[in-house]
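Novice: need a structure here:
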Amino acid sequence: MKFLSSRRRHPAAKPLLLLVALFLVGGLYAVVAPSTQSSADTGNSQMIEEGKDLYAVGCSSCHGMNGEGGTQGPSLVGVGGAAVDFQVGTGRMPMAQQGIQAPRKQVQYTQEQIDQLAAYVDSLGPGPAIPEEEQYTTEGLSEEQIARGGELFRTNCSACHNFEGSGGAMPNGKEAPTLKDVDPKHIYEAMRTGPQEMPVFSKEVISDEDARSVIAYLEELHQQPGGGLTLGGLGPVTEGFWAWVVGIGGLCLFAVWITSKGARAK
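Specialist: Residues are numbered from 1 along each chain as shown. So this is what the prediction gives:
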């Protein structure tokens, strides 16, 4: 009996075996599972670092080395990747020279570089992200939805961008740009980020569905042939000037004709 009792397991043996098993399972998970996550983090970190290098060369002189802003440019903390994709993707940034308003011009970066810049700026603080295609695509929208987009545009946008989205002059030398031939993604990003004089239209104000309707309305509007004399699209000032010249000039000629006819009658 003494011999048999010496072969019995120690009371702590079973908990010890359980701890060993848990340790082995945890070790196996640590070897297999984190590898995928680590790869994704590495890829994102690499994009941020590459974007930071591009930023240091092309943006830091105005916006500060860490995006804090300065006398030449505003802070980029919290503007989000969508603002970068819009400003750089339309050629507005980097600006060739300081001015009242950044004009649209030829794009200086590839889309890959724009994504890298957006990733870096996004890392400075949370903000609107670059939208997915389903957020701005106009496929599958009904005529009722497009009509609603027209109502929203006329209510919220036409005062600056003109009723046909051709843009217009604003105070202090600024202007609302034309919306013709603008990428739907950039129209969506402008709504969400409010570039320069444009107000921000959050999802609480204009939902993604309504944003798609506005974009669809503009696409349909710009596919229709325009009527009347646009005078090269130079704007209401030029058109008003010519209306004044023709109108007043016509009245003057009519007055001269009436006067001369009266003189002959006498």
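Novice: in what helix or strand does residue 46 lie?
Specialist: Secondary-structure assignment from DSSP states H and E places residue 46 in helix 34-58.
Novice: now that helix: how far from the chain's centre is it?
Specialist: Relative to the centre of its chain, helix 34-58 is centred 22 Å away, using C-alpha atoms, centre = their mean, to the nearest Å.
Novice: Likewise for stretch 108-121?
Specialist: With C-alpha atoms, centre = their mean, you get 13 Å for stretch 108-121.
Novice: Would you mark the buried spots in it?
Specialist: Neighbour counts over stretch 108-121 (16 or more other C-beta atoms under 10 Å) mark 109, 113, 114, 115, 116, 117, 118, 119, 120, 121 as buried. In short, each C-beta sits where N, CA and C put it, glycine included.
Novice: Show me which of the residues you listed is closest to residue 130.
Specialist: For those, the residue nearest residue 130 by C-beta to C-beta is residue 118; the value is 6.0 Å.
Novice: Kindly provide the distance from that closest one to residue 189.
Specialist: Distance from residue 118 to residue 189, counting by C-beta to C-beta, to the nearest Å: 10 Å.
Novice: any idea how far residue 169 is from residue 201?
Specialist: Taking C-beta to C-beta, one finds residue 169 at 22 Å from residue 201.
Novice: Tell me which of those two has more neighbours.
Specialist: Applying other C-beta atoms under 10 Å to residue 169 and residue 201 shows that residue 201 carries more neighbours, namely 21 against 13.
Novice: show me what contacts the more buried one?
Specialist: Residues counted as contacts of residue 201 (C-beta atoms under 8 Å, 6 or more residues apart in numbering) are 156, 191, 192, 194, 211.
Novice: Same check on residue 211?
Specialist: By C-beta under 8 Å, 6+ apart, the residues touching residue 211 are 135, 136, 188, 191, 201.
Novice: Show the pLDDT at it.
Specialist: Per-residue pLDDT puts residue 211 at 98.
Novice: and what of residue 3?
Specialist: 44.
Novice: can you check residue 32 too?
Specialist: For residue 32, pLDDT reads 47.
Novice: what do you get for residue 75?
Specialist: Note for residue 75: predicted pLDDT of 96.
Novice: Let me know the helix or strand that the nearest residue to residue 174 once chain neighbours are set aside is in.
Specialist: Of all residues not flanking residue 174 in the chain, residue 101 sits nearest, at 4.9 Å (C-beta to C-beta, 6 or more residues apart in numbering). Assigned by DSSP H and E, residue 101 belongs to no helix or strand.
Novice: Could you check how far residue 101 is from residue 171?
Specialist: 12 Å.
Novice: For the two, indicate the residue with more neighbours.
Specialist: In this view residue 101 and residue 171 are compared by other C-beta under 10 Å, and residue 101 has more residues nearby, 16 against 7.
Novice: I figured that one was touching residue 176, is that so?
Specialist: No: contact criterion C-beta atoms under 8 Å: residue 101 and residue 176 do not qualify, at 9.7 Å.
Novice: Now do the shared contacts for the two.
Specialist: Common contacts of residue 101 and residue 176 (C-beta under 8 Å, 6+ apart): residue 197.
Novice: Show me what the helix holding residue 46 is packed against.
Specialist: helix 111-124 (3 or more C-beta pairs under 8 Å, 6 or more residues apart in numbering; DSSP states H and E).
Novice: rewinding a little: just the ones in helices from the contacts of residue 201, please.
Specialist: Judged by DSSP state H, the subset of the contacts of residue 201 located in helices is 156, 191, 192, 211.
Novice: ok, and the most crowded of those?
Specialist: Busiest of the ones in helices among the contacts of residue 201 [other C-beta under 10 Å] is residue 191, holding 29 neighbours.
Novice: ok, it - contacts?
Specialist: So residue 191 contacts 200, 201, 206, 211, 214 (C-beta under 8 Å, 6+ apart).
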